[in-house]
Structures are given as C-alpha cells and as structure tokens.
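Trainee: task: produce atomic coordinates for the following.
(chains A and B)
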Amino acid sequence: MQKTSGFWVVAISVVLTLGACSSSSKPATSSTSPSGSITVLAASSLTKSFTGLADEFQAAHPGTKIELSFGSSSDLETSIEQGAPADVYASADQKNMTKLVTAGDNSGAPVNFAKNKLEIAVEKGNPQHIASLADLAKPGLAVVECDPSAPCGKFTAEVLSNANVKVTPKSLEANVKATLSKVELGEADAAIVYVSDVFSSGKVDGVQIPDNVNVLTTLPIVALKGSKNAALAKAWVDFVVAHQSELVSKYGFLAL
Amino acid sequence: MVGNEPPPLAIAVGLAGLVIFFGLPLAGLLWRVPWSDITTVLREHTAQEALRLSLICSFSATGLSVLFGLPIAWLLARGRFAGLNVIRALALLPLVLPPVVGGVALFYAFGRRGLLGQWLDHWFGIRLPFTIWAAIMAETFVAMPFFIITVEGALRGLDARYEEAAATFGAGRWTILRRVTLPMIGPSIVAGMALTWARALGEFGATITFAGNFPGKTQTLPLAIYLAFENNDPAGTVLSIVLLAISVVVLVVVGSRVIGGRIQPREMPG
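Mentor: Model (predicted):
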C-alpha cells in the first residue's frame, strides 16, 4: 500500500510539474538540479521513514529515483566494502560508520541526522502485562532480540546489562525489522527494538525503558565514494539532514 | 561408439559452464579461507552446536520426506483422478516459493496465532516456532519436493509388466510394493534422499523465518554462516568450508554411485 501511494504521489506530482512547465516558457530548474537515480543502503530501523522521505524527495525533484535497500547496518557496511554499487549509506550506529570511513568508502564527512533509543515492543493491549525490562525474565515469556552482529542486538545487550536483567530470548533475529515482526505476527510476546520501530509499526504497543539504563544511538548518513551520481547523492543526504524534525514528529526518532 | 560422445563444441561449452558457475565460486571461497584459524573456529562451541543441529535437522527432514514423500510420489505417479495436476503443483510449490515466504506461510499455519497452530497451543500447549521442530519442519517443507519429483519420475519410468506379472501370481498390493516396486526404484529413492538431504542441509530462508535463530537451539550452519558474514567474521568462511566438505563427501559417495547410474535395479528373478 505504501508503494502504491508513493506511486500516486510521484505520478500526480509529475503531471503537475509537466503542467507547470508547459505554461511557462522556460524550465525553472537550474543546471545543478539532480536527476537520475541513486541507491541508498540504510539501516532496517529507517525502513518507514526513508520510504516516506524518498516519496517526498521524488515529488520535489521529478525525474529522480531513490532506490532504497534496508538491512542491518553491519550487513550493509560489509556489502559496501565488498563493492556493492551504492551511493549513500545510513547507519543505525556510529561503529559501522566508523568502519566504513576507516575503509575509505565515504565521500565527505558523515553527518548525524537523528537519535534513537530502545523500547520494549509488546502485543497490542499488553496482554502479558509487561511493565519493565525485569518482566522479560519471567519464565514462559517468548522474547526475541536482535542478533549481537546487528547494532540493535549490541545495544540490547548493553541495556540488559545496565538494568542487570538476564533474559533468555527465543531467537536472535538478523535485523531489527525481523525482530519486530515476530511480535507483530503474534509469535513473540515481547521484543527489544528502537522507539521509532514501535512508533511507526502501529501493530504493537511500547513499554518504555528508563533513560538511566537505556542506550542513546546517533544515526549518521554519508555519500559514498563509489557513487556514479554524486550530485543526487549529496542532494539526498542534504534532504534527510534538513528533514530531521519530520523524522521526529512523523516517525518517532529523537531530536539530535 | 563415437556417436555417443558429445561434439567438441558442446564439451567446450559444458566445461566453460563448469568453471564459471561451479569452479570459480568454489575457488574464491577456498582462496579466502583463513586456514590458520580453522581449528580455532571449529573448537568454538557455537560452531559445533551449529554443526550438530544441522546434521540432526537435515537427517530428520530427510526421514520425514521419505515417510510422506513416498506415498505422495506414488499417488502422483499412479493416481487416476481429476485434480492430480493441482496436487502435483501443490507438492512442488516449495521449489518455486522464496523460502522466506515459505517460513511466513509456516507461521500462518503452525505459529501460535496460526490456522492450526492456535489450536495446538490451546489444546496441547504445543508451540512450534523457535524450536528445533520448527527448523525440521522448515527444512522438510523446502526439501521434500526434491524427493517427490525424483521418485515420481522413477515410478513413471517403471515397466509395469513386472508388477502385473507379480499380480497374476497372486501377490497382494503390499507384497508387490515391497518385493517388486521398491527394489526396482531403490536407486532413485537413494538419489532422492541425497538431493533432499543436501537441500535441507543448506536451507536458510524458511528456517531463520519460522524457527528463528538461537545458538544451540535453532541456529543451523547456514544461519551461523550468514550472521558471521554480517559481522565480517572469518568464521563464516570456515563454516562454509565445513558445510561444503560434508556435502561433497555425501554427494560423491551417494550421488556418483546412484545418480551416475552405476547401481542398477536388481534383475527380477526369472
């Protein structure tokens, strides 16, 4: 459904723009206006927000196409190092961005654009009455976490250790979206994911994790050296950075 | 006998195909294996658990595939009723379905909110997802079609006169199956088992979806390999080689003798 509505936004804006163009004698666009398409590799936690922002961007810049691919930040970082053709990388943590910069795959310095922290996702109505991290240790409760190879899994381990809680999860999922989907499907009672995931899911409720044990992560974005469309890559990075407030109000991220 | 050999051009194309699609990727993997780390990785508990789970699950999936696949293949090869093609399509569906979709479908059927799964939970307190049973089911789901098509093909190619002859001598249906049919399609059954087992051993998508990923419980070798690669961990390459070695040994031992056709069906006693 998201795809379809995106299509219509683009289609309508293209029609409107064409109409606008035909009425004026010369196009208003400057010579530096971006065109063509780019591939953006972004952390799973950015699935909803970047899909929404890409629709807006494409509507604002007709003739451009933002191809989005989501996965765990570490997975994406590895594929960029292996030479995956991509133009922009957005990570859920600083660690993978540092790795990418160390490998020299970036073009320009990464820019932070949002913050995130963890939250407990539970089924709608919280039927298991989960009120805190400590409740996750209750026997018989099906809890899923991110695998430690993904940033969310690393943060989960930190948060649980901060709270001094020992949880035996049913599964360690490859990325945060797979983790959340187990609760959305009703197969797990609780999952530890990002606040933004709970916010934009609509199918789960959130149980807050107090700030004194929580982990605050800052999300960076960067254009990549291997980009074949540096102008559009830069325009997209600027666009994301300029829309921080929307990431907060519409998608539940935290302000920088 | 010259006419039996493929022409030089076909041989050249075949060899090129072998090198491009099988030889080079294998060489690439071997080239990157951190040989000095092998013993360290293999001594790790996670690696051993993944290997153990992989063997248990793949052999169990093969067993289930034979148990259910043999009657299904029989039905498909010999059944005489409308809708047989629909049943065949159904049984072969996992061949074309992306395994992840298969995993989600298994959730909708056997998950604790699933079509049957909610009753399993309600009546017996059985919850399949995130257990080794889920891993076995996922592997069976994906691998069984390989057994079915192999055995169905053999049953179709069988000369029906042997069975008819046995019947005229008064042999019952079960006797014919046990003494005539099964021995004659024996090599195909073994070949089908080998293919099924190999597919089950390498299964990833349906397993990680339906059974989740937990070391020692549901983390089979392919899952351990995937997560190691995500982390840029050299263990990924080492475990890949282990998986490869096991498969090659089994496929060479079973495959070359059976699929290569060196074992012939037993001659029927005159």
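Trainee: list the residues that contact the residue nearest to B:Ile87 when sequence neighbours are not counted.
Mentor: Distances taken as C-beta to C-beta, 6 or more residues apart in numbering or on different chains place B:Leu76 nearest to B:Ile87, at 6.7 Å, with adjacent residues excluded. All C-beta spots, glycine's among them, are computed from the backbone N, C-alpha and C. Going by C-beta atoms under 8 Å, 6 or more residues apart in numbering or on different chains, B:Leu76 touches B:Leu84, B:Ile87, B:Arg88, B:Ala91, B:Ile148, B:Glu152.
Trainee: give me the nearest residue to A:Val198, chain neighbours excluded.
Mentor: In space, A:Val198 is closest to A:Gly206, 3.7 Å off (C-beta to C-beta, 6+ apart).
Trainee: same check, this time on B:Ser188
Mentor: Spatial nearest neighbour of B:Ser188, chain neighbours left out: B:Ala154 (3.4 Å); criterion: C-beta to C-beta, 6+ apart.
Trainee: the one you found and chain A: what is the separation?
Mentor: 39 Å (C-beta to the nearest C-beta, to the nearest Å).
Trainee: and what of B:Leu158?
Mentor: Distance of B:Leu158 to chain A, given as C-beta to the nearest C-beta: 44 Å.
Trainee: where do the helices sit along the stretch 151-270 of chain B?
Mentor: Using DSSP state H, counting those that start in this stretch, the helices found in the stretch 151-270 of chain B span residues B:160-168, B:173-176, B:182-202, B:205-210, B:221-230, B:235-250, B:256-258.
Trainee: interface residues of chain B facing chain A?
Mentor: Counting by C-beta under 8 Å from any C-beta of the partner chain, chain B comes close to chain A at B:107, B:111-113, B:127, B:129-130, B:208, B:211-215, B:218-219, B:226-233.
Trainee: tell me which residue is most central in the chain.
Mentor: Going with chain A. Relative to the mean C-alpha position of chain A, the nearest C-alpha, by C-alpha atoms, centre = their mean, is the one of A:Leu46, at 1.2 Å.
Trainee: hm, I was asking about chain B
Mentor: Closest-to-mean residue, chain B, C-alpha atoms, centre = their mean: B:Thr196 / 1.8 Å.
Trainee: does that residue really touch B:Ser60, like I thought?
Mentor: No. With contact defined as C-beta atoms under 8 Å, B:Thr196 does not reach B:Ser60; the gap is 11.4 Å.
Trainee: quick one: which two of the contacts of B:Leu76 are the most distant?
Mentor: The span of the contacts of B:Leu76, defined through C-beta to C-beta, is set by B:Leu84 and B:Ile148 at 13.1 Å.
Trainee: more neighbours, these two?
Mentor: Between B:Leu84 and B:Ile148, counted using other C-beta atoms under 10 Å in any protein chain shown, B:Ile148 has the larger neighbour count: 26 against 14.
Trainee: check which element follows the longest helix along chain B along the chain.
Mentor: Identified as the longest helix of chain B according to DSSP state H is helix B:45-78. Beyond helix B:45-78 on the C-terminal side, the first helix or strand identified by DSSP states H and E is helix B:84-96.
Trainee: angle of that next one against helix B:182-202?
Mentor: In terms of direction (axes from the mean of the first three to the mean of the last three C-alpha atoms, to 10 degrees), helix B:84-96 departs from helix B:182-202 by 40 degrees.
Trainee: angle of helix B:84-96 against helix B:45-78?
Mentor: Using the same axes, to 10 degrees, helix B:84-96 lies at 160 degrees relative to helix B:45-78.
Trainee: the residue nearest to A:Ala103 when sequence neighbours are not counted - how many residues pack around it?
Mentor: In space, and not counting its chain neighbours, A:Ala103 is closest to A:Glu81: 5.3 Å by C-beta to C-beta, 6+ apart. Neighbour count of A:Glu81, defined by other C-beta under 10 Å: 14.
Trainee: likewise for the one 4 residues further on?
Mentor: The local packing of A:Pro85 (other C-beta under 10 Å) involves 12 other residues.
Trainee: hang on, isn't it packed against A:Thr39?
Mentor: Yes. Contact criterion C-beta under 8 Å: A:Pro85 and A:Thr39 qualify, at 6.5 Å.
Trainee: skip the chain neighbours and tell me the closest residue to A:Lys234.
Mentor: Excluding its sequence neighbours, the residue lying closest to A:Lys234 (C-beta to C-beta, 6+ apart) is A:Ala223, at 5.6 Å.
Trainee: follow-up on the earlier one: now do the residue nearest to B:Ile87, the pLDDT please.
Mentor: Looking at B:Leu76, its pLDDT is 94.
Trainee: roughly how far does it sit from A:Val215?
Mentor: From B:Leu76 across to A:Val215, the span is 55 Å (C-beta to C-beta, to the nearest Å).
Trainee: ditto for B:Val151
Mentor: Taken as C-beta to C-beta, the span from B:Val151 to A:Val215 is 54 Å.
Trainee: do the same with A:Pro148
Mentor: Separation of A:Pro148 from A:Val215 (C-beta to C-beta): 14 Å.
Trainee: ok, the two, which is more surrounded?
Mentor: Between A:Pro148 and A:Val215, A:Val215 has the larger neighbour count (other C-beta under 10 Å), namely 19 against 16.
Trainee: check contacts around the closest residue to the more buried one other than its chain neighbours.
Mentor: Closest residue to A:Val215 apart from its sequence neighbours, by C-beta to C-beta, 6+ apart: A:Phe155 at 4.5 Å. A:Phe155 makes contact with A:Asp93, A:Leu118, A:Val215, A:Thr217, according to C-beta under 8 Å, 6+ apart.
Trainee: okay, and the beta partners of the last one?
Mentor: Looking back up the chat, that one is A:Thr217. A:Asn116 (DSSP bridges).
Trainee: number of residues surrounding it?
Mentor: Residues lying near A:Thr217 (other C-beta under 10 Å) number 24.
Trainee: and the residue in the stretch 151-256 of chain A that chain B sits nearest to, what pLDDT?
Mentor: The stretch 151-256 of chain A approaches chain B most closely through A:Ser171 (2.6 Å), counting by C-beta to the nearest C-beta. On pLDDT, A:Ser171 comes in at 95.
Trainee: ok, now which ones touch residue 77?
Mentor: With no chain named, the answer covers chain A. A:Glu77 makes contact with A:Tyr89, A:Ser91, A:Asn96, A:Met97, A:Lys99, A:Leu100, according to C-beta under 8 Å, 6+ apart.
Trainee: try chain B instead
Mentor: So B:Ala77 contacts B:Val151, B:Glu152, B:Leu155, B:Arg156 (C-beta under 8 Å, 6+ apart).
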